[in-house]
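[1] Provided below for reference: sequence and predicted model.
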Amino acid sequence: MSEEEKRTALQKTEEELRRCEACPLRRDCLAPVGGFGAADTPLVLVGEGPGGVEDDYGCPLIGPSGQLLDKALWAVGITRDRIYTTNVIKCRPLNNRTPDIAEAAFCGARFLEKELAVIRPKIIVALGSVALHYFGGSDLRILRDRGQWFLTAGGYPCIATYHPAYLLRLTGKELVQAKWDVFHDLQAALAKAKEAEPAYVFKSEAKINLFDLCKKRERT
């Protein structure tokens with residue numbers, strides 16, 4: 001599938017997502033939030049679900065967590081326009097609660113799997129426990145199993161790391177250590193992705209600002 005065909009397929013999935021009212025989560029958010037980034041990338045980052053800022057702008061990981069993620073990605077040699085970022089859950093849960101396993105399985109099967117089937121990434125980074133459980137099973141634990149490689153049910157090599165929202169809750173030595181853990185996990189993911197596609201460019205010359213690219217949605 002060419003890059004243009006991938007973009008077209010992802011647009012169709014986005015249109016289907018916008019019309020989705022298949023579960024109760026849709027009632028508590030402004031609108032579903034799809035993915036962002038390059039359709040032909042070998043590297044996909046998958047988070048938990050949209051928060052308030054993501055719901056406002058219709059873009060994954062654009063709020064405080066996303067800004068911290070962008071700094072970490074830039075440090076290892078990645079910009080968000082050169083990879084693809086999405087979430088397991090597409091609608092913001094009420095009060096930003098953590099989605100449960102059943103919600104993740106239901107939404108992931110309907111939309112995340114379609115995104116992955118189009119992109120066919122060489123590497124997936126699971127951000128946080130919801131994504132880790134979705135790809136690796138409920139027995140895995142983010143504090144114990146981050147940084148370890150495994151194959152998803154779809155056959156994608158996957159490594160989990162801390163969700164940036166977790167880092168925002170830490171202070172002191174715990175924060176310093178967790179930031180280094182994320183840095184090394186992203187480095188490992190990038191190295192494997194470069195191994196798979198040596199010619200692919202993962203970093204644009206300048207940092208990107210998602211707020212310049214994503215328009216705030218109007219509430220009715």
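    Done, it's in. Numbers count the residues shown, from 1 in each chain.

[2] shaky segments in this structure?
    219-220 (pLDDT under 70).

[3] mind listing the helices for it?
    3-19, 52-57, 64-76, 101-107, 113-119, 129-136, 142-145, 164-167, 172-196, 210-213 (DSSP state H).

[4] can I have the third one written out in CSV, keeping just the CAs?
    Think helix 64-76. Output of helix 64-76 as CSV, limited to C-alpha atoms (Å, rounded to 0.1, in the frame of the first residue of the first chain):
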residue,chain,number,x,y,z
PRO,A,64,0.6,18.7,29.3
SER,A,65,1.4,15.0,28.9
GLY,A,66,1.9,15.4,25.2
GLN,A,67,4.2,18.4,25.6
LEU,A,68,6.4,16.4,28.0
LEU,A,69,6.3,13.5,25.5
ASP,A,70,7.4,15.8,22.7
LYS,A,71,10.4,16.9,24.7
ALA,A,72,11.4,13.3,25.4
LEU,A,73,11.0,12.4,21.7
TRP,A,74,13.0,15.4,20.6
ALA,A,75,15.8,14.3,22.9
VAL,A,76,16.1,10.9,21.3
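
[5] Now do that helix and helix 172-196, the angle between them.
    60 degrees (axes from the mean of the first three to the mean of the last three C-alpha atoms, to 10 degrees).

[6] so Cys158 makes contact with Pro121?
    No. The pair Cys158 / Pro121 is not scored as a contact, 9.5 Å apart, by C-beta atoms under 8 Å. The way it works is simple: take the backbone N, C-alpha and C, and place the C-beta from them, glycine included.
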